[in-house]
Structures are given as C-alpha cells and as structure tokens.
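>>> What follows is a predicted structure for the sequence shown.
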Amino acid sequence: MAHLEIDVCIIGGGSAGLSVAAGVSQLGLKTALIEGGKMGGECLNYGCVPSKALLAAAKAAHNCRPASFAGISGSAPSVAFDSVKRGIDDVIATIAPNDSVERFEGLGVRVLTAHAAFSDSHTVRADGDIVRARRFVIATGSTATIPDIPGLDPDKILTNESIFDLHEKPARLLVLGAGAVGLEMALAHRRLGVPVTVVGRSTMLAREEPELVDTLRRILEQEGIELLEDREVVSVDHAREGVTLHIRSGSPPSALSGSHLLVATGRTPRVAGLGLQAAGIACTAKGIIVDRRLRTSQRHISALGDVIDGPRYTHAAGYQAGVVVRNLAFHLPAKVDYRALPRVLYTDPELARVGSTEAEARRRHGPKVGVERIALADNDRAIAERRQAGSIKVIVGPGGVVLGASILAPAAGEMVGLWCLVVAQKLTLKAIANLILPYPTMSEAGKAAASQHYRHFVFNPWTRRLVQALRMGLG
C-alpha cells in the first residue's frame, strides 16, 4: 500500500483528465493520475476516434459507387465488414501511445491503474493506495444512457462502447436515438451496406436550424436511411434472431424488427462509486455541479468534461482543461465562456454551428436580429463538385455583430472555425466581407453571406446619385 502526498490528484484518464495532467505536471506540480479503465477514455476508445475512422471507411465505400459526373461509371464496392472494424482498431492503436501510461509517467505523472473513491474531501483511496492532495480534479466522463423501457436488456444491445467491437455485419441495424451518435453511426453503417432504421423520440436535431435539418433529413433518406421521428418505443422484445421495438405511432403500436439495436439516447455522468457524498461534493442527475471556474461545492476540488452539467464534447473538455490548469498552477480566476463553442455533426454533409440559432437570438434581441443565407447551389466549388445540397445561415445582431453561424456543407466542421473566431471576438460581418479567400472554395459562401448583408448599403439610389455626381466632377 502506497501513501502519496501530492499537489494535484486527477481522477480519470480521458481527454479532460489527461489534458490537465499534462499541463500541471509540466508546470512543476507534483501530480498523480488515477484511471481504472482504458487510458484515453471515451474519445480514443469508444467515441471521436473510432467513429470518425468508421465514417471515413464508409465514405470511401460510398465514393466507389457511380458518381454523378459525365463519363464516370463504376460498380458498387465490396465491403469486408470485419476488415473495416480491424482497421478501426489499427487507428486506435496508432493514436494510443499519446495517451499511454508510459508517456504520462515520462512527463512526471504518477499513474495509478485503479478505481478511485473519496474517503473525505482531502483523501482518495485507489484500491490499496491512499492519495492525499492539495487539489483534486474529477474527470471521470460519462457512459451511455440506457432508457427505462419495458423489456430492454442492457446486455443485449449495442452502445457507442460496444458497437466498434461488432465484427459481423448486421442484417438490419435499429438505432434508438436521433442525435449525433445515432445519426453518425446510422450513416456509417448504411454506407457499408447495412439496412438502417433510426427511431427518435422527438424531432431530430431539434436545437439546430430547422431548414438546415430539413435538408440533411432529405439527404439521409436519399442514402437509404429510414427515419422515424417523434416516436415512442413502449417495449422491446429480444429474441435469438434479433430484436423488436414496439412503437407508439398509432393504435395498436406498430412493431419494428432488426438484427441489432444501437441505443444512443444520451449520456449519463460517471459518478457511481466515487464517494462524492463522503467528500461533500454536490451532484445532480445531470452531473457534478460546478461554477464558472469549474470548482465544485468543495472549492479545492474541480471537475470538468462529461462528468459535469455542461457541454459534452472533446473540444469542450480540452478548453475546460486550460481553465483548470490556469486556476491550479497560476491561481488565476479563469472562467469558462461557451459563447463561441462549436458543435459539429459529422454526417455527410456535416452540420456545424457556433453561437446562436435564429430562434435563440430572437428570444434575446427581438426584431433587431438579421439573417443572411447563402445556398451551396450558388457556390462555384460546390457546383464543380456536384455537392450543392447545403447552405450557410448567419445570425446578425445590432451593428452587424455576428451572433451565430450554422453551416451544412461537406466540410462544415472545418469551415466553422473561422466563425468561431468571429463570434469569440464579437466581430461584425465587415470582417468577413473584407477577407480575401481562395477561389474556388466553399468557405466563400460565408463571405457571400457577409457581402449580401451590406449590399443594400452600397447599391441603392443614394449611392448611385453620389457616383453620378462624382462622375460629373471628373470632366
């Protein structure tokens, strides 16, 4: 049994915890990291990395099909499902050394492979070891939420943690949940030749711009995905040959059968067994309660990432880690500001947003809100690539200040970065309108939206009269 006396003890070796550990240890604080599962956590092993690798494989298969270009023909690709999944394992293995025990011990972090629990607000037990620290950081992440539906057996379903271990091609995949995880996995498996039905309790992506969601919905349906929205699953039957969902869409309920069921209905903070009550840390069903400095009800204990009641994205965890490191190492009153936090759905096309939607902006600012829209059908690069389904929608406040931007485009996740800067710095559309962007690119759609905002200021009867008067003066 070891007794450690250190500066910072971090519980959880996922994206959030590793980022804090790397920061504070390299700044000279004596640091311990406790992780009872896989280093790298959700993002590396069950989330961002494997899902994007699977989507990339699915896109490669999709691109092998006959294109809508004159003179191009081909045949449907042959997909070896097991080999695709082994390829995902290779991607994880390639990135894993960055998150490994060896790397962090090389940075001076004492890594304990154990499950941690607070004995009191200053002491953690990690199996047989006891750790006392001046500061603690909780970054234990989240796990898939399993809804309370009669007949649903958690041992007979897939979640984001188990679907990447599935090496047999499903005969028919049912997806419960029409959020980001559900839609991304639906598209990936459909492009790999799997019939897919998505069942959502509400309208899909209800927090995003409705017109962009409508376009994406049509695209997903054209891909062959069956979308059943605003449907309630009232019971589930598991059988040897598959699973059946009983759906309340009429009377009597309809039945939907498949070989596999992926449950993607949200995330639950991973707090069980942490001993939060013993430490006096306040928590709700949504997660550990923190202030804007990410401090819990015990001010010497911070929490970040999926375990808190806040945004659950890897890039949010990385940002939060910077706030925590500044507080711990430099004693600065750093606070989170999510105003320019982007969100991206990695379908094809991608749907990205930063800042407010039109509805959110109008609730705050009323009739002073303006909207600029540009369709990809008017963008030369999109026309050249036959990728014209999509658009950009920019929300503008008083004085031309950009309040938000939503993009539906093949590379929306890359395009939204510029708009993150604009929203973060409270810039006006003039900053975008005056940019020189490379031609032809889809990013030009954003500049077109900005230029459109000022068109009526430039091209109007008054300016025409001014130009005519100046013209007469040239004589």
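Nice, thanks for sending it over.

>>> domain assignment for this protein?
For the chain, the domain assignment from automatic domain parsing gives the residue ranges 3-39+100-144+268-330, 154-265, 343-458.

>>> burial of residue 354, as a residue count?
Look at residue 354: counted by other CB atoms under 10 Å, it has 25 neighbours. No exception for glycine: its C-beta is placed from N, CA and C like everyone else's.

>>> where's it relative to residue 347, distance?
With distances taken as CB to CB, to the nearest Å, residue 354 is found 18 Å from residue 347.

>>> just residue 85 next, same as before
From residue 85 over to residue 347 the distance is 20 Å, taken as CB to CB.

>>> Out of the domains of the chain, which is closest to residue 69?
domain 343-458 (6.6 Å; CB to CB).

>>> tell me the mean pLDDT over that closest one?
Across domain 343-458, the average pLDDT comes to 96.

>>> Low-confidence bits of the stretch 1-150 of the chain, can you list those?
Segments of the stretch 1-150 of the chain classed as low confidence (criterion: pLDDT under 70) are 66-68.

>>> ranges for the strands of it?
Under the criterion DSSP state E, counting those that start in this stretch, the stretch 1-150 of the chain carries strands at the ranges 3-11, 31-34, 110-112, 116-120, 123-126, 129-138, 142-144.

>>> and residue 417, which of the ones you listed is closest to it?
With respect to residue 417, and counting by CB to CB, the nearest of these is strand 142-144 at 25.7 Å.

>>> what sits up against the helix or strand following that closest one?
In the C-terminal direction, the helix or strand that comes right after strand 142-144 (DSSP states H and E) is strand 173-176. Where contact means CB atoms under 8 Å, 6 or more residues apart in numbering, the residues beyond strand 173-176 that reach it are 147, 182, 185-186, 189, 194-199, 233, 243, 245, 256-265.

>>> And the buried ones among the residues you listed, selectable in ChimeraX?
In ChimeraX, selecting the buried portion of the contacts of strand 173-176, with burial taken from 16 or more other CB atoms under 10 Å, looks like this:
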select :182,185,186,189,194,195,196,197,198,199,233,243,245,256,258,259,260,261,262,263,264,265
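
>>> who's in contact with stretch 59-77?
Residues from elsewhere that reach stretch 59-77 (CB under 8 Å, 6+ apart): 79, 191-193, 348, 386.

>>> Span of that stretch from start to end?
Distance between the boundary residues of stretch 59-77 (CA to CA, to the nearest Å) amounts to 11 Å.

>>> Just the ones of the contacts of strand 173-176 in helices?
Cross-referencing the contacts of strand 173-176 with the helices (criterion: DSSP state H) gives 182, 185-186, 189 as the overlap.

>>> Nearest to residue 37, out of these: which one, please.
The nearest one, if we look at the ones in helices among the contacts of strand 173-176 relative to residue 37 and count by CB to CB, is residue 185, at 21.6 Å.

>>> Is residue 404 part of a helix or strand, or is it coil?
At residue 404 the chain is in strand, as set by DSSP: H, G, I helix; E, B strand; the rest coil.

>>> That one touches residue 352, doesn't it?
No - using CB atoms under 8 Å, residue 404 is not in contact with residue 352; the gap is 11.2 Å.

>>> give me every residue that touches the residue lying closest to residue 81 once chain neighbours are set aside.
With CB to CB, 6 or more residues apart in numbering as the criterion, residue 81 has its nearest non-adjacent residue at 3.8 Å, and that residue is residue 169. Residue 169 is in contact with 79, 81, 192-194, counting by CB under 8 Å, 6+ apart.

>>> what's residue 169 sitting at in phi/psi?
Backbone torsions for residue 169, taken as degrees, to the nearest 10, come to phi -70, psi 120.

>>> residue contacts, the residue most central in space within the chain?
The residue at the geometric middle of the chain, judged as the C-alpha nearest the mean C-alpha position with CA atoms, centre = their mean, is residue 313 (4.8 Å). Contact criterion CB under 8 Å, 6+ apart gives 341, 343 as the residues in contact with residue 313.

>>> The one 10 residues further on now?
The neighbourhood of residue 323, defined by CB under 8 Å, 6+ apart, consists of 293-294, 304, 334-336.

>>> let's see 7 Å
Shown here is residue 323, whose contacts under the criterion CB atoms under 7 Å, 6 or more residues apart in numbering are 294, 334-336.

>>> check which helix or strand covers the residue nearest to it when sequence neighbours are not counted.
Nearest residue to residue 323 in three dimensions, chain neighbours excluded: residue 334, at 4.6 Å (CB to CB, 6+ apart). When secondary structure is defined by DSSP H and E, residue 334 falls outside every helix and strand.

>>> just residue 238 next, same as before
Here residue 238, judged by DSSP H and E, is contained in strand 232-239.

>>> now swap in residue 418 and tell me
helix 412-424.

>>> okay, that helix in PDB with CA atoms only?
Taking Å, rounded to 0.1, in the frame of the first residue of the first chain, the C-alpha atoms of helix 412-424 are listed here in PDB:
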ATOM      1  CA  ALA A 412     -18.600  22.300 -42.300                       C
ATOM      2  CA  GLY A 413     -16.500  21.200 -39.400                       C
ATOM      3  CA  GLU A 414     -13.500  22.900 -41.000                       C
ATOM      4  CA  MET A 415     -15.400  25.900 -42.200                       C
ATOM      5  CA  VAL A 416     -16.900  26.800 -38.800                       C
ATOM      6  CA  GLY A 417     -13.500  27.600 -37.300                       C
ATOM      7  CA  LEU A 418     -13.400  31.000 -38.900                       C
ATOM      8  CA  TRP A 419     -16.900  31.800 -37.500                       C
ATOM      9  CA  CYS A 420     -15.700  30.600 -34.000                       C
ATOM     10  CA  LEU A 421     -13.200  33.400 -34.100                       C
ATOM     11  CA  VAL A 422     -15.700  35.900 -35.300                       C
ATOM     12  CA  VAL A 423     -18.200  35.100 -32.500                       C
ATOM     13  CA  ALA A 424     -15.500  34.900 -29.900                       C
END
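
>>> other SSEs contacting it?
Here helix 412-424 touches strand 343-345, strand 350-355, strand 402-409, helix 444-458, going by 3 or more CB pairs under 7 Å, 6 or more residues apart in numbering; DSSP states H and E.

>>> ok, and which of those has the densest surroundings?
For those, the stretch with the most neighbours on average is strand 402-409, a mean of 27; neighbours defined as mean count of other CB atoms under 10 Å.

>>> That strand: partners in the sheet, and parallel or antiparallel?
Here strand 402-409 has these sheet partners by DSSP bridges: strand 350-355 (antiparallel), strand 391-396 (antiparallel).

>>> could I get those strands as CSV with distance to residue 341?
Listed next are those as CSV, based on distance: least, CB to CB, whole Å:
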stretch, distance to residue 341
strand 350-355, 7
strand 391-396, 15
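
>>> of all those, which lies closest to residue 35?
Checking those against residue 35 by CB to CB gives strand 350-355 as the closest, at 31.4 Å.

>>> Only C-alpha atoms, please: export the following helix or strand past that closest one in PDB.
Once the chain leaves strand 350-355, the next helix or strand it forms, by DSSP H and E, is helix 358-365. Output in PDB follows, covering the C-alpha atoms of helix 358-365 (Å, rounded to 0.1, in the frame of the first residue of the first chain):
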ATOM      1  CA  GLU A 358     -32.100  32.400 -35.200                       C
ATOM      2  CA  ALA A 359     -34.700  31.400 -32.600                       C
ATOM      3  CA  GLU A 360     -32.300  31.800 -29.700                       C
ATOM      4  CA  ALA A 361     -31.200  35.200 -31.000                       C
ATOM      5  CA  ARG A 362     -34.700  36.500 -31.400                       C
ATOM      6  CA  ARG A 363     -35.600  35.500 -27.900                       C
ATOM      7  CA  ARG A 364     -32.700  37.600 -26.600                       C
ATOM      8  CA  HIS A 365     -32.700  40.500 -29.100                       C
END
